[in-house]
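Colleague: okay, structure incoming, though there's no sequence with it:
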């Protein structure tokens, strides 16, 4: 289906956002909706870069392989973000990272050729995407520089803060969608170390653990932020 046909099936909020974002998308070029369950991979590192994806709803993680660890989560994204364009604009033939759904997600996807035609025909859109890409890469560089000087506790706290801030209603007492294994993956720590740190943070009342699940509210998030800043 083309974009105009697809838009008739979208909710009002997404439809208006897509009309604004994709108003110069090549006419009659096909688009394909894709849905993923939580935990499913959208892009696998090393696969051929043949499509670009636009996140419509949900949250995803970008994960790269590490020599010493099975994988490492670089960052997470909310709608409306593109995936696959970094490699395409850089002239790479393969995806350089894995993109995995953290929650149920919906995407709109189109061919690499269509995306390249789009940016070629619309310099304003192209400049906007380059600005967005550079901003994201700079943010990641700052985060990596910060992470380099953090101890294990600081890295765990950083992951907890990001997970809380990514929630839809962060003012409420919420259960973080993080297992100890996920935290270990994102920090480069062992699961045993993560367990020790979580117990210590619980003892300090910087978070709570209920039936093994980590919970945070706005007050504890602020206290956790202060603890994090002492480690910078």
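Modeller: Thanks, I have it. Bear in mind that the values here come from a model prediction, so they are computed numbers and not experimental data.

Colleague: just say helix, strand or coil for residue 88.
Modeller: Applying DSSP: H, G, I helix; E, B strand; the rest coil to residue 88 yields a three-state assignment of helix.

Colleague: quick one, domains of the chain?
Modeller: Taking automatic domain parsing as the domain assignment, the ranges for the chain are 3-147, 150-229.

Colleague: wouldn't residue 37 be in contact with residue 102 here?
Modeller: No - Residue 37 is beyond contact range of residue 102, at 10.9 Å (criterion: C-beta atoms under 8 Å). Yep, even glycine has a C-beta here, placed from its N, CA and C like the rest.

Colleague: which one's more surrounded, the two?
Modeller: Applying other C-beta atoms under 10 Å to residue 37 and residue 102 shows that residue 102 carries more neighbours, namely 20 against 10.

Colleague: number of residues surrounding the closest residue to that one other than its chain neighbours?
Modeller: Excluding the flanking residues, the one nearest residue 102 by C-beta to C-beta, 6 or more residues apart in numbering is residue 59, at 4.5 Å. The burial count assigned to residue 59 is 20, neighbours taken as other C-beta under 10 Å.

Colleague: do residue 64 as well
Modeller: Per other C-beta under 10 Å, the neighbour tally for residue 64 reads 12.

Colleague: that one and residue 100 touch, don't they?
Modeller: No - counting by C-beta under 8 Å, residue 64 does not reach residue 100; the two are 11.4 Å apart.

Colleague: low-confidence regions, this protein specifically.
Modeller: Counting by pLDDT under 70, the low-confidence segments of the chain come to 65-74, 142-148, 168-171, 232.

Colleague: top helix in it by residue count?
Modeller: In terms of residue count, the longest helix belonging to the chain (DSSP state H) is helix 123-148.

Colleague: show the subsequent helix or strand relative to that helix.
Modeller: Next in sequence after helix 123-148, counting helices and strands by DSSP states H and E, comes helix 152-165.

Colleague: what lies in contact with the next helix or strand after that next one?
Modeller: Next along the chain after helix 152-165, taking DSSP H and E as the criterion, comes strand 174-175. For strand 174-175, the external contacting residues (C-beta atoms under 8 Å, 6 or more residues apart in numbering) are 164, 167, 210, 213-217.

Colleague: so what sits opposite residue 41 in the bridge?
Modeller: Note on residue 41: beta-bridge partners residue 100, judged by DSSP bridges.

Colleague: counting neighbours, what do you get for it?
Modeller: 15.

Colleague: hmm, back to that, shouldn't the residue nearest to residue 102 be in contact with residue 105?
Modeller: Yes - shown here, residue 59 and residue 105 form a contact pair, counting by C-beta under 8 Å, at 7.2 Å.

Colleague: what ranges do the strands span in the protein?
Modeller: All strands of the chain, identified by DSSP state E, fall at 32-36, 41-43, 51-57, 60-64, 72-77, 82-83, 98-101, 105-111, 174-175, 208-210, 213-216.
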